[in-house]
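A.B. asks: sharing a sequence plus its predicted fold:
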Amino acid sequence: MQYSSSSSSKKVEELVPKYDLFIQKHLFPIEKEIIYGSFKSNLPRLQALREIAKKEGLFAPHLSLHEGGLGLELMEFARISEVLGKSPLGHYIFNCQAPDIGNMELLHQFANEMLKEKYLVPLQRGDIRSCFAMTEPNNAGSNPVHLSTRAILEGNEYVINGHKWFTSSADGANFTIVMAITDPDNPNPYQRASMLLVPLDNPGYQLVRNIPIMGDIGDDYMSHGEVTFTNCRVPSSYLIGKEGQGFALAQERLGPGRIHHCMRWIGICERALDLMCRRALDRELDPGKPLSSQQTIQNWIAESAADIKASRLLVLETAYQIQHFGAKSAKEDISTIKFFVSEVMMKIIDRAIQVHGALGITDDTVLSFWYRHERGAKIYDGPDEVHKSVLARRILKSYSKP
Ligand SMILES: Cc1cc2nc3c(=O)[nH]c(=O)nc-3n(C[C@H](O)[C@H](O)[C@H](O)COP(=O)(O)OP(=O)(O)OC[C@H]3O[C@@H](n4cnc5c(N)ncnc54)[C@H](O)[C@@H]3O)c2cc1C
């Protein structure tokens, strides 16, 4: 069984224009002021928009109906994620933003009832935010088993010590899920780490700084934190899943997560292409001679449209595989979309900037925000080179002699 474009449901086809209208009406007019200003000081305004989203029945599309969401399947949510990606505020307003969406999935599947009640329910309602602390400044993040953060069980408590960075959205978050080594001597390196939930008012936790990203320090949801855990104690009931399951849970979190990111990136590409076309038509090189009359510009428009279409088909096909056969069976496809779509996105943002000339590098359009902040897409969720290796190894294996 294979994905075809007719696999799209009636429900999602009805929802897409509603989300599209919402972001055009409510988000496009205010987004620049927020992304180039202070996120924190705009929280009341953003909250008011979340209330409108709730009233219109569009909030938290990824959650089940009984959790207050729209009960969408992965492929259906993927289509919505594409639309929301057109604004840097899209996913946040509808409470389906990374890293919270991944943490919701983790807690939903693997947390005990106490943690669900105390942390998952308010997270799903959008009353609190969370973050995910795995990467460490002193160890190569592309080798996930290489971690120094330790959690040692003392009586009924885990004592955590470690140093993490790129803990996205730590500023203003209520809790983090931290990956720490609990069994350093386990012969299987993939069974040495565990995930623990740490409330961020814990005295052993510190947000050291928001890390400046290409000149932009960011704040609140739009930030990346450097954080420390110093004799940070949490009850043993704050363990997620079982001891030693950290990497297995991280894998669970990453499969659907890559679909969400890739569809969001496609939404960015669509908006960049739209801006590119509008500028090409408006800007006149000579009276009556718009930029769009130039063949190079036409090539960029055509190539971008083809890249977007190819990306969408690849990602939806992968979502279909995950939805019907599980993330494990789609391992190489998940790697393929990660590096393919991130490259397409950077190429299209760059073309759109070039078409805008000097205006393209100003903060008068959203393009410079994406150029700065989406460059990380080729690095996070596993650097592109690692994903290319996964695919190449699979291909080369088919040549091995019996
Ligand atoms: C915007 C952003 C948000 C992030 N958010 C989070 C978060 O919320 N939580 C979290 O825990 N982490 C987060 N990260 C961290 C991210 O997961 C790591 O940056 C990533 O895993 C790479 O690790 P590293 O930065 O240590 O790079 P390194 O491991 O030092 O790798 C450096 C480079 O080496 C090359 N390389 C590595 N391995 C290979 C290989 N096998 N073959 C060929 N080349 C290779 C790649 O080019 C890679 O970019 C985020 C990162 C970014 C940029």
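C.D. replies: Thanks, I have the structure now.
A.B. asks: near the ligand, which residues of the stretch 101-250 of the chain are found?
C.D. replies: When proximity is defined by C-beta under 6 Å from any ligand atom, the stretch 101-250 of the chain lies next to the ligand at 132-135, 140-142, 166-168, 224. Backbone N, C-alpha and C define where each C-beta goes, glycine included.
A.B. asks: tell me how many other residues crowd residue 152.
C.D. replies: 13 (other C-beta atoms under 10 Å).
A.B. asks: what about stretch 72-91, start to end distance?
C.D. replies: Stretch 72-91 has an end-to-end distance of 15 Å (criterion: C-alpha to C-alpha, to the nearest Å).
A.B. asks: and which of the residues of the stretch 101-250 of the chain next to the ligand is nearest to the ligand?
C.D. replies: Nearest to the ligand among these: residue 141, at 2.4 Å, using C-beta to the nearest ligand atom.
A.B. asks: are any of the residues of the stretch 101-250 of the chain next to the ligand buried, and if so which?
C.D. replies: Buried subset of these (neighbour count, 16 or more other C-beta atoms under 10 Å): 132-135, 141, 166-168, 224.
A.B. asks: would you map the strands across the stretch 151-300 of the chain?
C.D. replies: Taking DSSP state E, counting those that start in this stretch as the test, the strands found in the stretch 151-300 of the chain are 157-168, 175-181, 193-199, 205-210, 224-235, 239-240, 284-286, 289-290.
A.B. asks: so which of these is nearest residue 42?
C.D. replies: strand 205-210 (16.2 Å; C-beta to C-beta).
A.B. asks: show the pLDDT at the residue in the stretch 301-402 of the chain that the ligand sits nearest to.
C.D. replies: Closest to the ligand within the stretch 301-402 of the chain is residue 376: 2.9 Å, counting by C-beta to the nearest ligand atom. Residue 376 carries a pLDDT value of 97.
A.B. asks: I figured it hits residue 213, correct?
C.D. replies: Yes. The pair residue 376 and residue 213 qualifies as a contact (C-beta atoms under 8 Å) at a distance of 7.4 Å.
A.B. asks: what's the neighbour count on residue 18?
C.D. replies: Residues within reach of residue 18, counting by other C-beta under 10 Å, total 13.
A.B. asks: so it makes contact with residue 70?
C.D. replies: No. Residue 18 lies out of contact with residue 70 (C-beta under 8 Å); the separation is 10.7 Å.
A.B. asks: mutual contacts of the two, please.
C.D. replies: Shared contacts of residue 18 and residue 70, defined by C-beta atoms under 8 Å, 6 or more residues apart in numbering, are found at residue 58.
A.B. asks: who's in contact with residue 342?
C.D. replies: Residue 342 neighbours (C-beta under 8 Å, 6+ apart): 265, 377-378, 384.
A.B. asks: just the buried residues of those residues.
C.D. replies: 265, 377-378, 384.
A.B. asks: any regions of the stretch 1-150 of the chain where pLDDT drops low?
C.D. replies: In the prediction, the stretch 1-150 of the chain carries residues with pLDDT under 70 at positions 1-7.
A.B. asks: show me where it has strands.
C.D. replies: 130-133, 150-154.
A.B. asks: okay, now the closest residue in space to residue 338 that isn't next to it in sequence: neighbour count?
C.D. replies: Excluding the flanking residues, the one nearest residue 338 by C-beta to C-beta, 6 or more residues apart in numbering is residue 387, at 4.6 Å. Residues near residue 387, counting by other C-beta under 10 Å, number 22.
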